[in-house]
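*Asks:* What shape does this take:
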Amino acid sequence: MLVFTRKLDEAIVIGDGVEVRVLRVGKDSVRIGVSAAPHVPVHRREIYDQIKAANVSAVADADSVDAVIQRLRKGPAAAPYSSPVPHV
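*Replies:* Below is the predicted model:
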């Protein structure tokens, strides 16, 4: 991890298009501003972790849906039980 010391209104630049600037220094927190191109996602860590967890869950759901689709494509013979008589 690269550690910087910055004062109020000082900034660091990341790559060619991301700037992080100290906007306010409080007793227990620091307000920072991030300037980045619109195509560069910028998230607080806790939001990023939620997005990542939701994406992992969505992939698992998609895998389950794919498995169901594959079973349906194989036809009724693939089902564990198939009653020839309709239930009334």
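*Asks:* so where do the helices sit in the chain?
*Replies:* Per DSSP state H, the chain carries helices over the ranges 45-74.
*Asks:* Domains in it, by residue range?
*Replies:* Listed by automatic domain parsing, the domain ranges of the chain are 1-40, 43-74.
*Asks:* Turn those into JSON lines, columns for mean pLDDT and mean neighbour count.
*Replies:* No exception for glycine: its C-beta is placed from N, CA and C like everyone else's. Compiled in JSON lines, the domains of the chain are given as follows (pLDDT from 0 to 100; neighbours: other C-beta atoms under 10 Å):
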{"stretch": "domain 1-40", "mean pLDDT": "95", "mean neighbour count": "10"}
{"stretch": "domain 43-74", "mean pLDDT": "80", "mean neighbour count": "10"}
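*Asks:* which helices and strands does the longest strand seen in the chain pack with?
*Replies:* Longest strand in the chain by number of residues (criterion: DSSP state E): strand 18-25. When contacts are defined as 3 or more C-beta pairs under 8 Å, 6 or more residues apart in numbering; DSSP states H and E, strand 18-25 packs onto strand 11-14, strand 30-35.
*Asks:* Over to the closest residue to Val22 other than its chain neighbours: give its phi and psi.
*Replies:* Using C-beta to C-beta, 6 or more residues apart in numbering and skipping the chain neighbours, the partner closest in space to Val22 is Arg6 (4.9 Å). Main-chain torsions, Arg6, degrees, to the nearest 10: phi -130, psi 150.
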